[in-house]
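Visitor: A structural model of the following input is requested.
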Amino acid sequence: MKIAIGTDHRGIDIKNKIIEHFNGKYDFIDKSKDAYEGDDYPDYAFKVAEAVKNKEADFGVLMCGTGIGMSIAANKVKGIRCALVHTKEEAKLARIHNDANIISFGSYNDIEDIYEFISVFLETHEKQEERHIRRVNKIKEYENRS
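Guide: Numbers count the residues shown, from 1 in each chain. Sure, this is the predicted structure:
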């Protein structure tokens, strides 16, 4: 499974730990190799979101100081459903309820929690219930109006 990953300067060390932790389990495509102090998070959010949209990656992982900016920026890319998560349960429900294809979180989270967010997000394969499919389809239909 290919995972596009990106961060601004606030998460460089964590991004590297994530890639090392999941080495051999997932194939990471690092979209923020050029991250530097004072960079702009939308640049990396767009790179990861475009990689997922264009099927270069199956899913995406984003982080910045809070994860909020990354999720807002990623969700501007057509076809992306990026979920900002704070718990394992939110990571799971993002997949089951919202068919999210990118996960976002703050770099302030504990690294062990981050590993769990990613694992749960990527390993959740439960079938969506009809009501959740209907809701996601409404989002897709609205998105395709423009």
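Visitor: buried ones in the worst-scoring helix or strand of the chain on mean pLDDT, by neighbour count?
Guide: Sorting the helices and strands of the chain by mean pLDDT, DSSP states H and E puts helix 130-143 at the bottom, at a mean of 90. When burial is assessed from 16 or more other Cβ atoms under 10 Å, helix 130-143 yields the following buried residues: Val136. All C-beta spots, glycine's among them, are computed from the backbone N, C-alpha and C.
Visitor: same check on stretch 27-35?
Guide: By neighbour count with 16+ other Cβ under 10 Å, stretch 27-35 contains the buried residues Phe28, Ile29, Asp30, Lys31, Ser32, Ala35.
Visitor: from the residues you listed, pick the one nearest Gly65.
Guide: For the buried residues of stretch 27-35, the residue nearest Gly65 by Cβ to Cβ is Ala35; the value is 12.8 Å.
Visitor: thinking again about what came up before, closest to Phe117 out of the buried residues of stretch 27-35?
Guide: Minimum separation from Phe117 among the buried residues of stretch 27-35 (Cβ to Cβ) is found for Phe28, which lies at 15.2 Å.
Visitor: looking at this, the closest one is in a strand?
Guide: Yes: counting by DSSP: H, G, I helix; E, B strand; the rest coil, Phe28 is part of a strand.
Visitor: beta partners for it?
Guide: When assigned by DSSP bridges, Phe28 has beta-bridge partners Ile3.
Visitor: how about it, what does it touch?
Guide: Lys2, Ile3, Ala4, Ile5, Ile18, Ile19, Phe22 (Cβ atoms under 8 Å, 6 or more residues apart in numbering).
Visitor: one more time with 10 Å
Guide: Neighbouring residues of Phe28 by Cβ atoms under 10 Å, 6 or more residues apart in numbering: Met1, Lys2, Ile3, Ala4, Ile5, Lys15, Ile18, Ile19, Glu20, Phe22, Ala57, Val61.
Visitor: alpha carbons of the host helix or strand of Ser71, as PDB, please.
Guide: Under the criterion DSSP states H and E, the helix or strand holding Ser71 is helix 68-74. What follows is the C-alpha trace of helix 68-74 in PDB, where atoms were taken according to Å, rounded to 0.1, in the frame of the first residue of the first chain:
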ATOM      1  CA  ILE A  68      -6.200  21.900  11.200                       C
ATOM      2  CA  GLY A  69      -4.600  23.800   8.400                       C
ATOM      3  CA  MET A  70      -3.500  20.700   6.600                       C
ATOM      4  CA  SER A  71      -7.000  19.200   6.700                       C
ATOM      5  CA  ILE A  72      -8.600  22.500   5.500                       C
ATOM      6  CA  ALA A  73      -6.100  22.800   2.600                       C
ATOM      7  CA  ALA A  74      -6.300  19.100   1.600                       C
END
